[in-house]
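Novice: need a 3D model of the sequence below.
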Amino acid sequence: MPKRQITGTVIKKAGDKTATVLVERRVLHPRYHKTVKRFKKYLVHDEKNVANVGDTVNAIECRPLSKTKSFRLLEIIKRGEA
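Specialist: Numbers count the residues shown, from 1 in each chain. Here you go, the predicted model:
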């Protein structure tokens, strides 16, 4: 079974080896047929603490590492402006 991959922006460095990533997806509104943005935050395991706020990152699903953390950092796509 393939693992899910998410791409988003780091919005917070939450503790040691953890980053909060905001993932945006665009969906069609069922009634108004307009594209709207939906957001979800994921906690991502960053083993080497290399991701910073503002970075665009790619993460892959893994076994649960804590109660809310089940993704690990795969790569940094683009460095942030900060």
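Novice: before we move on, which element is the residue nearest the centre of the chain in?
Specialist: When CA atoms, centre = their mean is applied to the chain, the residue found nearest the centroid is Val21 (3.4 Å). If you go by DSSP states H and E, Val21 is part of strand 18-28.
Novice: who are the packing partners of that strand?
Specialist: The helices and strands touching strand 18-28, judged by 3 or more CB pairs under 8 Å, 6 or more residues apart in numbering; DSSP states H and E, are strand 5-13, strand 35-45, strand 56-61, strand 69-78. All C-beta spots, glycine's among them, are computed from the backbone N, C-alpha and C.
Novice: look up which residues are beta-bridged to Glu75.
Specialist: Counting by DSSP bridges, Glu75 forms beta bridges with Asn58.
Novice: burial count for it?
Specialist: By the measure other CB atoms under 10 Å, the count of residues near Glu75 is 12.
Novice: quick one: it and Ile60 touch, right?
Specialist: No. With contact defined as CB atoms under 8 Å, Glu75 does not reach Ile60; the gap is 9.4 Å.
Novice: ok, Lys41 to Leu28 distance?
Specialist: Distance, Lys41 to Leu28, by CB to CB, to the nearest Å: 22 Å.
Novice: same drill for the two, tell me which one is more crowded.
Specialist: Each of Lys41 and Leu28 has its neighbours counted (other CB under 10 Å); Lys41 has more, 14 against 9.
Novice: pretty sure the more buried one contacts Thr20?
Specialist: Yes. Using CB under 8 Å, Lys41 is in contact with Thr20, at 5.6 Å.
Novice: now for these two: what residues contact both?
Specialist: Common neighbours of Lys41 and Thr20 are listed as Ile11 (criterion: CB atoms under 8 Å, 6 or more residues apart in numbering).
Novice: and the angle for the strand holding Val21 with strand 35-45?
Specialist: For strand 18-28 against strand 35-45, the angle by axes from the mean of the first three to the mean of the last three CA atoms, to 10 degrees is 160 degrees.
Novice: pLDDT below threshold where in the protein?
Specialist: 82 (pLDDT under 70).
Novice: thank you kindly, that will do.
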